[in-house]
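> Just need the structure, nothing else, for what follows:
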Amino acid sequence: MYKPAFNIRRQVLVFRHFGNKGYSLFACLGREVVCSVLSVATLTYASAESVSTDPVVTDSTATTTARETMLEEVSVTGSRAPLTKSQAARMVTVLDRADIAQAPVQSINDLLKYAVGVDVRQRGPIGAQTDISIRGGTQDQIILLLNGINICDPQTGHNAMDLPVDLNDIIRIEVLEGPAGRIYGTSSLVGAINIVTRPALTTSADITLEGGSFGYGRVSGRGNLKGGHWNNQLSAGYSRSDGYSRSKAGSLNTDFSGAKGFYQGQYEDEEIRLHWHLGIADKGWGSSTFWASPKWQADDQYEHTTKLYSAIQGDTKRGRLHLGGNIYWNQNRDRYEGYRGQPEKMKFNYNRTDVYGVSLSSYFDWNVHNRTAFGAELRNEDLVSGNLGEPLSHPRHIKGTDRDYTLGVNRTNISGYLEHNLLLRNFTISAGLVAVKNTWSNMNMTVYPGIDISYRPTPHWTLHASYNTSLRMPSFTEMYYKLQGYSADPHLKPEEMRALEVGTNIQWSMINVQCALWHHHGTNMIDWVMDTSKGDEAVWQSVNHTKLNSIGFETSIMVNVRWAIINVSYSFIHQDKEQEPGVVSQYALEYLRHKLVANLRLPLTERLSLNLNARWQDRVGSYTDFDGSVQDYRPYCLLDTRLTWQQPTWKIFLEATNLLDARYHDYGLVEQPGRWLITGLSISL
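Predicted structure coming up:
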C-alpha cells in the first residue's frame with residue numbers, strides 16, 4: 001500500500017540505514033527524501049516534496065561537500081540524473097526496510113501484492129512461481145532491476161522473480177508505474193521495479209528460522225565484514241515445502257525447494273563509489289496444472305531453474321561532470337517437465353539464456369537551474385534451447401544429459417539517451433528521449449520521448465503531469481513456443497506504449513492523500529489467445545493486438561495517529577479492447593479492474609505489535625475449465641496478519657496468510673492454497 005512521508009518541520013524523517021547509490025532507481029527526483037523513522041505501514045508513495053521543508057543545496061563544484069552530505073542519505077527519483085533541488089517531477093512507490101520487516105510475507109512476490117498498482121498472479125505459493133505486472137500489463141511488460149541492473153530474462157517473464165537475494169538483504173524496493181522508456185529503454189513498457197541491496201553499516205551477523213503449514217521450513221543467514229572504505233557481505237538461505245495439493249495419482253504436485261546465495265561488496269572514498277554483486281538462485285517446484293489446458297490436462301508438471309547474477313558498478317563523486325557505468329552478466333537455465341520424471345512420455349524442455357551488458361552514464365551541471373544527463377547501453381541476449389529459436393549451425397551439449405541444444409536466438413539492443421532538467425523554485429521540468437535499435441528483425445533506430453512536470457503551489461500541495469513512451473521486444477517464448485496446445489509467431493512486432501498521467505499529493509499534519517489518473521495507448525500488444533469455437537482444434541496463439549486503450553485511477557489515504565497507522569488504497573482499470581465471441585485471453589485482457597488494499601499497524605505493547613493487511617480484488621476475464629466450460633473470474637478478499645515480539649537482538653513472530661481460508665484463483669486452472677500458518681525466530685549479532 002502507499003505510505004506517504006509527511007512534510008512536517010517538527011518531525012524530520014531520515015533514512016539512517018541507506019546510502020545513495022548510482023544504481024538506486026529513482027535516485028534523483030527533486031528533494032532529498034531523508035528517512036530513518038518512517039511510519040511503518042506497508043508501502044510508501046514517495047515524492048521529492050515528501051519530507052523535509054529545508055532547502056537542499058544545488059549541485060555544483062563549489063557545493064560538492066554539502067551535496068555529498070545530503071547524498072549520504074537517500075534520494076528517490078524517476079529521471080536519469082540526480083536532482084538535489086527540492087523539487088519532484090514523478091511519483092515513485094517505495095517499500096523500506098522497516099516495512100519489509102513487519103509485513104506477513106516470505107518472498108518479494110508476496111510483498112508486492114500490497115502495492116495497489118501492482119498485479120501479482122501466483123501459480124505457486126511463497127514465491128514458487130509468480131507473474132508480476134503493473135497497471136493492467138503483463139509479466140513481460142515491466143523491467144525488473146537488481147541494484148539498477150536489468151535482470152529481465154528475454155526467454156520469458158514467468159520466472160523473473162527467481163532472485164538470489166533474501167528479504168533480509170533488501171534495504172528498499174522502488175516501483176515506478178507507467179512507461180519508462182527514456183530511463184530504462186526496452187522492457188519498461190508499463191513500469192519498473194528496482195530491488196536495492198547494500199551491505200550492513202557495521203560488522204554484524206544474523207540468522208532466521210521459520211516453519212509452518214504444509215511442511216514449510218526456511219533457514220537463512222547473513223554475515224557482514226566492514227573495515228575502512230571496504231564492506232563485504234555474504235548471505236545464504238534454503239526453503240522447502242510439501243505443497244498444498246496432490247495429483248490425481250496421489251503424488252505431491254505443488255512441492256518446492258530451493259537455495260540461494262548472494263555476495264555483495266562496496267568501496268567508497270571521497271572520489272569514487274564502487275559496488276559489485278554475485279548471486280545464485282537454484283529452485284525446483286511441482287507445477288501441478290500450471291501450464292495445463294482443456295486439451296492437455298496434465299496435473300503433475302515440474303520445473304527447475306538455476307540463475308546466476310553478476311555486476312560491477314561505479315561512479316565519480318566530484319566536479320561538474322559526473323561519470324558512471326556498469327558491466328554485468330546474467331545467466332538463466334531452466335528445465336521444464338510436462339510429465340514429472342517421465343522424459344520418455346514427453347521430452348524435457350531445456351533452455352539457457354546469457355545476457356551481457358555494458359552501460360555508460362553521465363550528467364553535467366550548467367548552472368543552479370539546469371542539469372543534463374546523457375549515456376548509452378549495449379545489451380546482448382543469447383538463447384540456446386531444445387525447442388525455442390532457429391536451428392543452430394553447431395549444436396551445444398546440455399550439461400548432465402545426453403541431449404544437445406539444437407535451436408537458438410541472438411539479438412543485440414543498442415540505446416542512447418539524452419535528458420535535460422529545468423529546476424525552478426516551485427516548478428520542475430524533466431524531459432528527454434531514448435533512441436533504440438535492436439538487431440532482431442532489422443529494427444530501425446526508433447526514438448521514444450518523455451516529459452515530466454511538477455508544480456508545487458504550496459509546501460503541502462503538489463501537482464504533477466507526464467507524457468511518456470516506451471517499447472518492448474517480444475520474448476523468445478512468445479516468438480517460438482509450439483508445444484502442447486501452444487503455437488507462437490516468430491514474426492511478432494515490438495509492443496509500443498504512449499501514456500498520459502496527472503496527479504496530486506496533499507499533506508496535512510496526520511493525513512496524506514494521493515490521487516493519479518492515467519491513460520495508456522498501446523499498439524501491437526502481444527497476448528496469447530484461444531478461439532474456443534474451434535473445439536478440439538483450439539490452441540493458444542501468440543498475436544499482436546492492433547491496439548489496446550487503458551484508463552485507470554489510483555488513490556490512497558494514510559492516517560498516522562498516536563495509537564496506529566492506517567492506510568487504504570484503491571485502483572480502478574478499464575481496457576476497451578473488445579474480444580470476439582469465444583476468444584479467451586491469457587494475459588493482456590485479464591487484469592484487475594478493482595483492487596482495494598488496507599493496512600493497519602497496531603502497537604499492542606512496547607514489545608508486541610500487530611500488522612493486518614487486507615486485499616479485495618476483482619479480475620476481468622475468463623478461463624476454460626477442464627470440462628470445457630468458460631468460467632468468469634470471481635472477486636475475492638484475503639486477510640493476512642503478523643504478530644511480532646521484538647527484543648533488541650532477537651524477535652519471534654507468528655503470521656497467517658489467507659486467514660479466512662478463502663478459495664480463489666489467480667489463474668483459472670490453478671486453485672491457490674487456503675490458510676497458511678508460519679512461525680519464526682530471528683537473531684541478530
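
> Poorly predicted segments of this protein, please.
1-78, 82-88, 484, 578-579, 586-588 (pLDDT under 70).

> Where do the helices of it begin and end?
Counting by DSSP state H, the chain has helices at residues 64-71, 97-102, 108-111, 181-184, 476-480.

> Need the winner for burial among these.
Most buried of the helices of the chain, by mean neighbour count (mean count of other C-beta atoms under 10 Å): helix 181-184, with a mean of 28. Every residue, glycine included, has its C-beta placed from N, CA and C.

> Can I get that helix as PDB, trimmed to CA atoms?
In PDB, the C-alpha atoms belonging to helix 181-184 read as follows (Å, rounded to 0.1, in the frame of the first residue of the first chain):
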ATOM      1  CA  GLY A 181      11.500   4.100 -21.900                       C
ATOM      2  CA  ARG A 182      13.700   7.200 -21.700                       C
ATOM      3  CA  ILE A 183      15.000   6.000 -18.300                       C
ATOM      4  CA  TYR A 184      15.400   2.200 -18.900                       C
END
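
> Can you list the helices and strands that that helix packs against?
Here helix 181-184 touches strand 404-423, strand 427-438, strand 446-458, strand 461-472, going by 3 or more C-beta pairs under 8 Å, 6 or more residues apart in numbering; DSSP states H and E.

> looking at these, which is closest to residue 288?
Closest to residue 288 of the helices and strands packed on helix 181-184, according to C-beta to C-beta: strand 404-423, at 27.4 Å.

> what separates the closest one from the chain centre, distance-wise?
19 Å (C-alpha atoms, centre = their mean, to the nearest Å).

> follow-up on the earlier one: for the helices of the chain, give me CSV that also has distance to residue 516.
Shown next, in CSV, are these (distance: least, C-beta to C-beta, whole Å):
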stretch, distance to residue 516
helix 64-71, 28
helix 97-102, 21
helix 108-111, 21
helix 181-184, 18
helix 476-480, 30
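
> of the helices and strands packed on helix 181-184, which approaches residue 96 most closely?
strand 461-472 (20.4 Å).

> so which of the helices of the chain comes closest to residue 382?
Nearest of the helices of the chain (C-beta to C-beta): helix 476-480, 10.2 Å.

> I would like the residues contacting that closest one, please.
Helix 476-480 is contacted from outside by 140, 154-156, 353, 383, 385, 387-389, 407, 409, 488-490, 492, 526, 528, 542, using C-beta atoms under 8 Å, 6 or more residues apart in numbering.

> possible to save the helices and strands packed on helix 181-184 as TSV with mean neighbour count and distance to residue 676?
Formatted as TSV, the helices and strands packed on helix 181-184 follow (neighbours: other C-beta atoms under 10 Å; distance: least, C-beta to C-beta, whole Å):
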stretch	mean neighbour count	distance to residue 676
strand 404-423	19	38
strand 427-438	21	43
strand 446-458	18	41
strand 461-472	22	34
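
> Would you mind putting those strands into a markdown table with distance to residue 598 alongside?
Below are those laid out as a markdown table (distance: least, C-beta to C-beta, whole Å):
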| stretch | distance to residue 598 |
| --- | --- |
| strand 404-423 | 37 |
| strand 427-438 | 32 |
| strand 446-458 | 29 |
| strand 461-472 | 24 |
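
> Which of the ones you listed sits closest to residue 107?
Of all the helices and strands packed on helix 181-184, strand 461-472 comes closest under C-beta to C-beta, at 25.0 Å.

> list the helices and strands that closest one packs on?
helix 181-184, strand 446-458, strand 495-507.

> Out of the ones you listed, which is closest to residue 601?
Nearest to residue 601, of these and by C-beta to C-beta, is strand 495-507 at 19.5 Å.

> What strands line up against that closest one, and which way round?
strand 461-472 (antiparallel), strand 511-531 (antiparallel) (DSSP bridges).

> Please produce CSV containing those strands, extended by distance to residue 92.
As requested, the strands paired with strand 495-507 are exported to CSV (distance: least, C-beta to C-beta, whole Å):
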stretch, distance to residue 92
strand 461-472, 11
strand 511-531, 12
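
> Of all those, which one is nearest residue 660?
Going by C-beta to C-beta, the one of the strands paired with strand 495-507 nearest residue 660 is strand 511-531, 28.7 Å.
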